[in-house]
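Colleague: take this sequence and fold it.
(chains A and B)
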Amino acid sequence: MPKNLVIVESPAKAKTIEGYLGKEFKVTSSYGHVRDLPKGDLAVDVENGFLPTYEVQADKKAVIKELKKLVKEAEIIYLASDDDREGEAISWHLKEALDLNDSQTRRIVFHEITKNAIQNALQNTRTINLDLVNAQQARRVLDRLVGFEISPILWRKIKGGLSAGRVQSVAVRLVVEREREIDSFDSRSSFKVSAQFNLEKGKVLVAELPRKFETEDQAMAFLEECNGADFFIKKLETKPSKKSPAPPFTTSTLQQEASRKLGFSVSQTMTLAQKLYESGKITYMRTDSLNLSEEAVSAAASAITSEFGSGYSQNRKYKTKSKSAQEAHEAIRPTDFRVNSAGKEYNENRLYDLIWKRALASQMGDAQIEKTIATIGISNSDLHFTASGEVIKFDGFLKVYIESTDDEDSEEQKGMLPPLAEGQVLEMKDLTSRESFTRSAPRYTEASLVKKLEEMGIGRPSTYAPTISTIQKRGYISKETREGKERNYIQFVLANGSIKRTTRSEITGYEKQKLFPTNIAMVVNDFLVDHFPNVVDFSFTANVEKEFDEIALGEKPWDSMIGAFYDKFHLTVEESKLVERSDVNKARVLGEDPASGKQVYARLGKFGPVIQIGNSDDDDKKFASMRQGQFVENITIEEALDLFQLPRNVGVFEEEEVVAAIGKFGPYVRHNGKFYSLGKELDPLSITIDEATELIKMKRTVDANMLIKAFDGNDEIQVLNGRYGPYIKAGKKNVRIPKDQKPEDLTLEECVDLAEKTPEKRGKGKRK
DNA sequence: CAGTGAGCGAGCTTCCGCTTGACTT
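Modeller: From the prediction side, this is the model:
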């Protein structure tokens, strides 16, 4: 019977550590926190030193029961939760919940799961640091007070079920402010010039003018200057440069790279990483640390040496720049560098590959690069073109890994320049001046929002993914892909002694999986910024973190820190309760409806953003829901009035009305109770009855192709070919055909029978 | 894939940070 019990936070970790220790040790886990403030109640006594009431969470009752049993059998209990604020609190809660006394309890910490580190930790036990525990209690109580005092105000003033908090409200604010920045962005155009010169053997040298022209006239004037000018290599320089590898992954950088390179959402990345961790392929995936254990560094070195040769190995240590990092774990790395595949699950493997490459590259040499820049003079202008190229002299870490960037303008890989000589005269092939436009800051992706939050020290590795999903669940933010719009640009081409001006078009503003705020988010954000500027201030977290640090050092009592915050905070809570609902969600007057002479309003209604024609006391007032992507704060009266043209009676086909409208899934026409989606080329506002009729007929033939079998006298039941194979359509029910039945042989009776045996769709069960 | 939008009022919602499965299709 082992006489030592070690309790860590994660079961996967427990399993590994148990392998390192002898028979005298039993290693088990607490599955994270075991006690917390109860869910349904503030549970903080604000009158009494902010005394919190904790309870064992419902899902941890069994864990505590099991732990109690193990404690009884053990002599010494090692509390081995993480070495950070939350970990210290977990140890303390465990000690309280398990009724441990000081003589049987030891606190141990380690920052990597290696045999050495664990054995070392067991030699260096200490007691629980209550100052650190108190810093955690301050953090916990502050978050509870902020969340549970502000959220109910939102329920009353705006809408039920809404929420506010130190982290999520800042995340929403960032997205709202970015959207407004984009809306008010004034795009300027300018003209850049590029040139092509003919070289020997049909080769072409591409060069760019380093400056841009602000106007069309200036660009034109420059091209005219160049017409007939002589071009020559004025200067040829080569410069050595180098590139260094990126550090190994933390949670947030993993989320960013997996998003850019693999297209994963942050929660998808975390689910896959969890699986890799549980199967022992990678180290812990919720970390802010860049450190690698000594064992890992030397394992990487030998893997690199055996794979690429010793010249590629370079021992590196990385230091985090983040002030908020707690570094309780290692960076994310493979547990065994010799393993370069994680098994057969496709996406797990892709993520593992990314982690493996990044960690390995972080211990490899710099890439040595030689840059060549050719400066090209123009006989009758002071300006000059430049052409640049790169030669990789030594690839170093580039052999395995190239980091991607968020920057959409990032330069593509440069090739080598062809052989050139100073003084060489160049023959101009053509010059192109193309209008380009300045771009606003981009909308956030899930991963770039995480990056921003991390930079501001807001949130923790374990909460990035849940925060992103919370703000979507609350209806503040939606992740959408939106089509771009066509935009014209001007282009001049100088070739063969003459300049041609053309107007061309390009698609701009295409957004893939980007975060858009909703109207609710804007109203909530403005309310919070107005009434709780302190809490949604971008540096609020950083400021309170400083105070938590002082508490952790024993320099400040936690209840007085919370007291000082709460006194002011609670006053603003009380003040904000006095604000009228109608002041929070103001209707915007767009103007007058030319048809009726009534006022047109935009506001957030009971069912979402709405346009209203006529005052509230008008019995004939009309409403129309706003469409996706339209905002109360900037919709124009033209756009608003357009909404009233739908639904629109298009005409009559087969004695039934054809109606055009825009639904949840886009524009459609409805006929005889059926919906027909409109293609991009058809507009519900202008579609004619002929076009609609054609569409209906066409969709019917598509349906006819899917039809396997129909029954005379019962048009409720059909056998069809679906996306997932043949199925029976019985009214609104779709029924799978059993494998042993041939769909074309089914009788009506068999179909009815199968349909009746199939239970009603239960839909998505509500989760607790 | 509708059009809806009054007012009353009961009873619900909510935070952040640690952990895994339990749910669906």
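Colleague: return the distance of A:Ile150 relative to A:Phe50.
Modeller: 17 Å (C-beta to C-beta, to the nearest Å). The way it works is simple: take the backbone N, C-alpha and C, and place the C-beta from them, glycine included.
Colleague: of the two, give the one with the bigger neighbour count.
Modeller: A:Ile150 (26 against 22; other C-beta atoms under 10 Å).
Colleague: enumerate every residue touching the more buried one.
Modeller: Contact partners of A:Ile150, counting by C-beta atoms under 8 Å, 6 or more residues apart in numbering, are A:164-165, A:528, A:532, A:535, A:573.
Colleague: and A:Val172, by the same measure?
Modeller: A:Val172 touches A:471, A:476-477, A:517, A:521, A:524-525, counting by C-beta under 8 Å, 6+ apart.
Colleague: apply 6 Å and report the result again.
Modeller: By C-beta atoms under 6 Å, 6 or more residues apart in numbering, the contact list for A:Val172 reads A:471, A:476, A:521, A:525.
Colleague: next: A:Ala640.
Modeller: A:590, A:600, A:611.
Colleague: which one of these is nearest A:Arg156?
Modeller: A:Ile611 (25.5 Å; C-beta to C-beta).
Colleague: hang on, that closest one in a strand?
Modeller: Yes - A:Ile611: assigned to a strand according to DSSP: H, G, I helix; E, B strand; the rest coil.
Colleague: coming back round to it: closest to DNA strand B among the contacts of A:Ile150?
Modeller: A:Gly165 (1.8 Å; C-beta to the nearest atom of the strand).
Colleague: what's the closest non-adjacent residue to that closest one?
Modeller: Leaving aside its chain neighbours, A:Gly165 sits nearest to A:Gly147 (4.5 Å; criterion: C-beta to C-beta, 6 or more residues apart in numbering).
Colleague: where does the spatially closest residue to A:Thr215 that is not a sequence neighbour land on pLDDT?
Modeller: Spatially, and ignoring its direct neighbours in sequence, A:Thr215 is nearest to A:Phe191 (7.6 Å; C-beta to C-beta, 6+ apart). A:Phe191 is assigned 98 on the pLDDT scale.
Colleague: what do you get for the one 10 residues further on?
Modeller: At A:Lys201 the predicted local confidence, pLDDT, stands at 86.
Colleague: OK, contacts around it?
Modeller: Contacts of A:Lys201 (C-beta under 6 Å, 6+ apart): none.
Colleague: the residue nearest to A:Gly165: neighbour count?
Modeller: Number of residues near A:Gly147 (other C-beta under 10 Å) recorded here: 18.
Colleague: so which helix or strand takes in it?
Modeller: Assigned by DSSP states H and E, A:Gly147 belongs to helix A:130-157.
Colleague: how near is A:Ser362 to A:Ser310?
Modeller: Distance from A:Ser362 to A:Ser310, by C-beta to C-beta: 17 Å.
Colleague: whoops, A:Tyr78 was the one
Modeller: 41 Å.
Colleague: export stretch A:607-617 as PDB, just CAs?
Modeller: This file holds the C-alpha atoms of stretch A:607-617, laid out as PDB (Å, rounded to 0.1, in the frame of the first residue of the first chain):
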ATOM      1  CA  PHE A 607     -36.900  40.600 -32.000                       C
ATOM      2  CA  GLY A 608     -33.700  42.300 -33.100                       C
ATOM      3  CA  PRO A 609     -32.800  45.500 -35.000                       C
ATOM      4  CA  VAL A 610     -35.900  47.000 -36.800                       C
ATOM      5  CA  ILE A 611     -36.900  49.900 -38.900                       C
ATOM      6  CA  GLN A 612     -40.100  51.600 -37.900                       C
ATOM      7  CA  ILE A 613     -42.200  54.000 -40.000                       C
ATOM      8  CA  GLY A 614     -44.500  56.100 -37.900                       C
ATOM      9  CA  ASN A 615     -44.400  57.100 -34.200                       C
ATOM     10  CA  SER A 616     -45.100  54.700 -31.400                       C
ATOM     11  CA  ASP A 617     -48.600  56.100 -30.900                       C
END
